[in-house]
Every structure is written in structure tokens, then in C-alpha cells.
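A.B. asks: here is a sequence together with a model predicted from it:
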Amino acid sequence: MKLEDIKTIAVIGAGTMGHGIAELAALAGYNVVMRDINEELVQKGYKAIEWSLNKFAEKGTMTPDQAKATLKRVKAVVDIKEAVKDADFVIEAAPEIMKLKKELFTDLDKYAQKHAILASNTSSLSITEISKATKRPGQVVGMHYFNPPVKMALVEVIKGKETDENVMKLTVDLTKKFGKSPIRVEKDTFGFIVNRVLVGPFMFESAWIVSRGQATVEEVDSRMKYYEGFPMGPFELQDLTGIDIGYHLTKEAGLPVPSLIEDVVKKNRLGRKTGAGFYQYKDGQGANFSRDAGKNFDPITIYALMVNEACQLIDDGVSVPSDIDLAVQLGAGFPEGILARADRIGMDKMLSALEGLAKEHKDERYKPSNLLKKMVKEGKTGQAAGEGFYKYGSSASAGAREFKAIKLEVDKQGIAWITLNRPHRLNAINSEMREELPIVFADAAKNDAVRVVVIKGAGDKAFSAGADITEFAGGKPYQFAELGEFFNAPAQFPKPVIAAIDGFALGGGLELALACDFRIASKRSELGQPEIKLGLIPGGGGTQRLVRLIGPSRTKELVMIGDRISAEQAEQWGLINKVVDNNKFDGEVRSFAEKLASGPPIAIRFTKKVVDWGGQAPMEAALFIEREAFGLLFSTEDMIEGTTAFLMKKKPEFKGK
Ligand code: COA
């Protein structure tokens, strides 16, 4: 079966995950049949889809007619036979009970067409085991979504022992068609990727640390959230997901449970859902820990376990570093990849932490993985050594270097497309991006094949939502005062740079766009300098470049009030060059860039300098600079080409000579 052959998708289960997946499939244009065990449950799921689509329409993401048409593609049924009889692809999202899943898969196998693929959204059960309930184990695959499916970008696609490679590929393609980022999990391992790194090492190890009296719940949560940049502390997170889930999984796996967790489970303090967990929610303040609490807590144990688990996944052939890093960012909101963070901290520190723990506690889970030991032995200890999981240092030029926060592509027309590539955080500018962007510009400056640069944002929501706020904690004032290299990179780059704004351009995101020569925005875009709402002011040129474009009064309005303005308003104010319809955006950007790329490179470079530097000089000096540049251009081959082509009525071909 090919992707084009998939027309109808059945989703088994209309709960939180089921109706979310059904909505995704309908949004991607498929006919969807959603099934649950009774009319009440399936209607509840259907209503939830209707509510969500209406929200999209209210927000202007789609028209009310599109929302109605999407809902019309969803059919809600109770009879399982009816649910799957026309389906080409079935996604099961029933409760996580193996016996139940096996019974379901036997039925699915019985009633679905021969060619249909049967996927399970399980987060913890074995795909291989589930597939045994069918006569088509090669067509059974894992398709693990994250909650809520419509919002979360990640889907883990899991290969069971018998899963056919073509079925894997098709499931990966279908996931992309749903607008999600698939990560292949090559082996059917417990917890797959994200939960393997998150549950044991992040959540449970934190509980061991507290159980041993090495820190308090508040100290660990404060450290991980405010200093290490995780979206939540491990205890706050367990309160949200339910403490009993990890507890039962660990018990079932026959592993010891930390006394702290035994204790809260015994008291039925299972988290938010019971009104209390590690924190008191009902009649309490909830997860209210101070910023200072974590100041002195050393999180190396938690990191060492997370990294060791990731190494084990690599050792076992389950995944590769770049996929693991993307998975934990998209699936668990990690501030950067866990292996990129390991490179930053140093693999030697990870290894010695584990060796110390292994010696002290004589516990298997502290046993260092082969990969970890090998990397340290080979001196690949991370950023400081020039290589760890990734390569670092100035020797790694833009071509050879692996970028994490940026994507670079130079096309045949001489356009370098730089993508700010952190879609899960709305392309917020983090330390990696700050380090990588100037390298890309330095390389593009030297590369004659590059005639123009376009900066755009990954994903469908933002150019960039500004500096990554999660990195603010723990940063030193001088570090924030040294951000110039990043924000000046497009301005100091000798060739033209276009900011292609499709979505939010806020704070540092707008400042980066301001440092470009041109700003083109789609109609749906919103621009602003919201720093004031954080008690700050712009620090990357947001006051100074803005005032030169739109004058002091409008600058003060944007900066002092901090509200966002529409692209149309920004155009009226002279903040952007033009606004274009959302669906014409990519084409308009490309044709604008192509015009620049086909122009005479030296004259275009001179224009940038003369306008930018001349504008800062007294009039006479500025006019002198202009005349000098004008005169110099008479010595170029491009000038001869331009004038000859005019006289011969043909299109000039400028070579930049
Ligand atoms: N730094 C770090 N993370 C950011 C971020 C930033 N500047 N802007 C957005 N994100 C993260 C959000 O925390 C969220 O992460 P989560 O999914 O783990 O919760 C994710 O990106 C998506 O953003 P979300 O807020 O859920 O989207 P939205 O459509 O509801 O709102 C914005 C979009 C841009 C209005 C909102 O994200 C925002 O106000 N961001 C901060 C902008 C800002 O103040 N920038 C200046 C920084 S100096």
C-alpha cells in the first residue's frame, strides 16, 4: 500500500488521545471513523472534536466552513465491525491493558480489510506482544502520540519484532501528513524513547534523591525548573501526570520503588487528580516552590541517569543521538536535547557520577553504558573537548558542522535559507541558536555562491517568539549584555538579508528581523516587543533599530506597552516592507529573494554599506561615500554586463566581478 492509497482511517477509542488523533486525521483530509464502547463515550469524543475545531475557527486558524467540513469527515460509531470495515489504516487508542488490547487486535484483524495497517497508540506496552493477537504481525506498528495530540508535535513510530519495514515507512509518512514529527523507534523497547528518559531517570531518580535525604522536593523542582530550564520540576510533573502511573509500571517491572513514592501512594496522594500529591492542591498552594530553593542543589545524578539511559538506547540500536534529542524536546519540552546538554556538561562528569553511585548503592541502574565508557575513553567528552555526541569548535565550519537550533540550505539560485529551528518553542532564541547563527553568517559571507540570505522560522506558528525565557534563570548579567554578535549578524553581513515573518515575531525575534535589510510578513503575523511584560526592555536593538524605522513615539508605544500589532499595522508604520496573503507568502518571499539574487552582487553590497553607514554620517561625508562607491562600480565587469545587456535588449547575467 502507498500513502495515496490511504483514504479512510479508523480510530479505536474516543477518549483524550483517541478523539485528538481522530481530529488530526480529519484535519489532514482523511475520512475518519471513530469508535468507542458505547454511544455516550463516542459522542463525548465527537463533541470534543467539534469544540476544538470551533476554537480553531474562532482563532482564525481556519474558516468556520473549513471547521464544519473537517467535522463532517468524522463518523462516530460503536460497532467495531462498522468502524474498521472500510479502513486502510487503524489507530487503536484504548486503555493501557494488554489483555484488552490483544482482544481488540484480534477483532481488528478479523474485521479490517486485508491490506489495512493496525497501529497502537500504546505508551508502554509491547507492540510485538500485541501483534501476536493478529494473523498480520508484519502490519502491526506502534504510533505513540503525546497528550494533547493536536498540540504536541512528536509521534514515536515503533517497530515491533515482526513489523515490516514498508509499514514503518508508511506510518512515518502518514505521521508527516498529519503535520507531526515522527521519530523512528527501531526496537520495541519498554518506554520507547521519551518515557525511558523521563520516567525512571528524571522522575524516579529525583524521588530516590529525596528518599535518601539528599535534597527536598522543593529544592529539586526549583533547580530543574528555574536553573536548568525544564518546563516543570520532576515532582510537579508527577503530580500532573499522576504518581500512581509510574508507581504501577515500576512495580510491574519488578523494580524497587523509592520510599517517598511508596509513602504518597499509600496515603492516596496521587497528584492533582486527588487534590494532593507531593504538593497540596485542594486548599493548598500547589507546586509553589521558591526560585532560591534550588540554588545549591547539584543535579548531576539526574543528568547522569538520563544520559546513561539515552546511551543505552543507542547501544541497543533503538535510536540515534539526533533523534533522541529531538524526541525529548518535542515530547517532553526539554530545553535542549539531552545529549546536547550532556556535551555541554561533559561526559567525563556523567561517568564519574555514575561510578560513584554504583559504588555507593550497588545498584544495576547506575551501571555505566558501554557507549558512555567508550566516549570518555576516546576523549569525546563533549563541547570542551571539541567532540561528544556532536562536533564543536571553529574548525567545524558551517558546511561540516551539525547545527541543532538552525537549519541551513543553499539553493541553486544563490539563496541561503536559514531556518530558526526550534518549532516546539516557537523558535525561541536559545544559547545554541545564538552560537550557531553568527557561524552561518560568517560562512555565507565567504561563500560566493550565496547572494542573498532569507531567515525564516520552522513550524507553522512563528518566525521567533524571542529570547528563550527558560534560559533567563541562572544567567549572569554580563552574558545578557553580550548578545550583540547574534543580533548584529544580519546587519553586518555584507549581502542582503530578508526576514520572512510568518507568525509571531516577538522580542528578540523581532529584533533579529529588524537587523535584516527587508521584512516581509504574512497577513496572520503579529509583531511586538513584549519584554516590558517581563520587567525588561529590548536588548538586541529593539529600541534603537525600531526608533530609526518608525520614530520615537511609536517605538515607545511598542516597548512601553508591549502589546502585539498586526502585520497590516506594522506595514502602515513602515516597520515591514510588505504584507502578503498567508497562502502566497512562500512564493512572494522566493520571488523577492530571486530578484536580489539575480542582481549585480557588488553593487548590491555597496548599496547596503552606503545606506547603512552613510545614514550614520554627516550629509557631506555620506554623499562622498556614495560617490566613491558609484565611481568604484565603473571598474566592475558587472557594470559592463549591465550596460551592454541594456543596449542589446537582453537580460544581464551578473557574476559579481
Ligand atoms: N521562550 C521560551 N519558550 C517559549 C517562548 C519563549 N520566548 N515563547 C513561547 N514558548 C514556548 C511556550 O512556553 C510553549 O511551550 P510548551 O508547549 O512547553 O508549553 C510553546 O512555546 C508554545 O507557546 P504557547 O504559549 O503555548 O503558544 P500560544 O499560541 O498560546 O502563545 C505567544 C504564543 C507567542 C503569544 C506566547 O508563547 C508568548 O507570549 N511567548 C513569549 C513571548 C515573549 O515574551 N518574548 C520575549 C522574550 S524576552
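C.D. replies: Now that the structure is in, tell me what you want to look at.
A.B. asks: use CA for all of it now, contacts and neighbours both
C.D. replies: Fine.
A.B. asks: so A603 is in contact with L633, correct?
C.D. replies: Yes. Here A603 reaches L633: they are 6.8 Å apart, a contact under C-alpha atoms under 8 Å.
A.B. asks: need the residues of the stretch 501-650 of the chain near the ligand, please.
C.D. replies: By C-alpha under 6 Å from any ligand atom, the residues of the stretch 501-650 of the chain that approach the ligand are F504, L506, G507, P530, E531.
A.B. asks: contact partners for the second one?
C.D. replies: If I follow you right, that is L506. Taking C-alpha atoms under 8 Å, 6 or more residues apart in numbering, we find L506 in contact with S464, A465, G466, E526, L527, G528, Q529, P530, R564.
A.B. asks: Serialize those to a markdown table and add fields for pLDDT and secondary structure.
C.D. replies: Below are the contacts of L506 laid out as a markdown table (pLDDT from 0 to 100; DSSP: H, G, I helix; E, B strand; the rest coil):
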| residue | pLDDT | secondary structure |
| --- | --- | --- |
| S464 | 98 | strand |
| A465 | 96 | coil |
| G466 | 95 | coil |
| E526 | 97 | strand |
| L527 | 98 | strand |
| G528 | 97 | strand |
| Q529 | 97 | coil |
| P530 | 97 | helix |
| R564 | 96 | coil |
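A.B. asks: so what touches whichever strand or helix holds R548?
C.D. replies: Here R548 is covered by helix 544-561, with elements defined by DSSP states H and E. Identification of contacts with helix 544-561 by C-alpha under 8 Å, 6+ apart yields 511, 514-515, 528-532, 537-538, 543, 564, 573-575.
A.B. asks: of the residues you listed, buried ones?
C.D. replies: 511, 514-515, 528-532, 537-538, 543, 564, 575 (16 or more other C-alpha atoms under 10 Å).
A.B. asks: can you count the residues close to E378?
C.D. replies: Neighbour count of E378, defined by other C-alpha atoms under 10 Å: 9.
A.B. asks: need the contact list for I501.
C.D. replies: Residues in contact with I501 (C-alpha under 8 Å, 6+ apart) are K456, G457, A462, F463, R519, I520, A521, S522, S525.
A.B. asks: filter those to the buried ones?
C.D. replies: K456, G457, A462, F463, R519, I520, A521, S522, S525.
A.B. asks: now the second one. Nearest residue, chain neighbours left out?
C.D. replies: The shortest distance from G457 to any residue that is not its chain neighbour, by C-alpha to C-alpha, 6 or more residues apart in numbering, is 4.1 Å, and that residue is F463.
A.B. asks: before we move on, what SS does the one you found have?
C.D. replies: Following DSSP: H, G, I helix; E, B strand; the rest coil, we place F463 in the strand state.
A.B. asks: isn't it right next to A505, touching?
C.D. replies: Yes. The pair F463 / A505 is scored as a contact, 5.3 Å apart, by C-alpha under 8 Å.
A.B. asks: most centrally placed residue in this structure?
C.D. replies: H424 (3.0 Å; C-alpha atoms, centre = their mean).
A.B. asks: and for that one, nearest residue in space, chain neighbours not counted?
C.D. replies: What sits nearest to H424 in space, not counting adjacent residues and going by C-alpha to C-alpha, 6+ apart, is L330, at 5.9 Å.
A.B. asks: residues in contact with the residue sitting furthest away from the middle of the chain?
C.D. replies: Distance from the C-alpha centroid of the chain peaks at L647, with 52.3 Å (C-alpha atoms, centre = their mean). L647 makes no contacts at all, as judged by C-alpha under 8 Å, 6+ apart.
A.B. asks: mind listing the strands for the stretch 1-150 of the chain?
C.D. replies: Assigned by DSSP state E, counting those that start in this stretch, the strands in the stretch 1-150 of the chain fall at 8-12, 31-35, 74-77, 89-92, 117-120, 140-145.
A.B. asks: again but with the stretch 501-650 of the chain, I slipped
C.D. replies: Counting by DSSP E, counting those that start in this stretch, the strands of the stretch 501-650 of the chain are 504-506, 518-522, 526-528, 565-566, 578-580.
A.B. asks: can you list the residues of the stretch 251-400 of the chain near the ligand?
C.D. replies: So far as C-alpha under 6 Å from any ligand atom goes, the stretch 251-400 of the chain lies against the ligand at G333.
A.B. asks: and the residue of the stretch 251-400 of the chain that's closest to the ligand?
C.D. replies: Closest contact between the stretch 251-400 of the chain and the ligand, by C-alpha to the nearest ligand atom, is at G333 (4.9 Å).
A.B. asks: identify the residues contacting the closest residue to that residue other than its chain neighbours.
C.D. replies: Closest residue to G333 apart from its sequence neighbours, by C-alpha to C-alpha, 6+ apart: P231 at 6.3 Å. Listed by C-alpha under 8 Å, 6+ apart, the contact set of P231 reads K225, G333, F334, P335, T470.
A.B. asks: is I12 bridged to anything, and to what?
C.D. replies: R35, E92 (DSSP bridges).
A.B. asks: lowest-pLDDT helix or strand in this structure?
C.D. replies: Here the helix or strand of the chain ranked lowest by mean pLDDT, DSSP states H and E is helix 477-480, holding a mean of 71.
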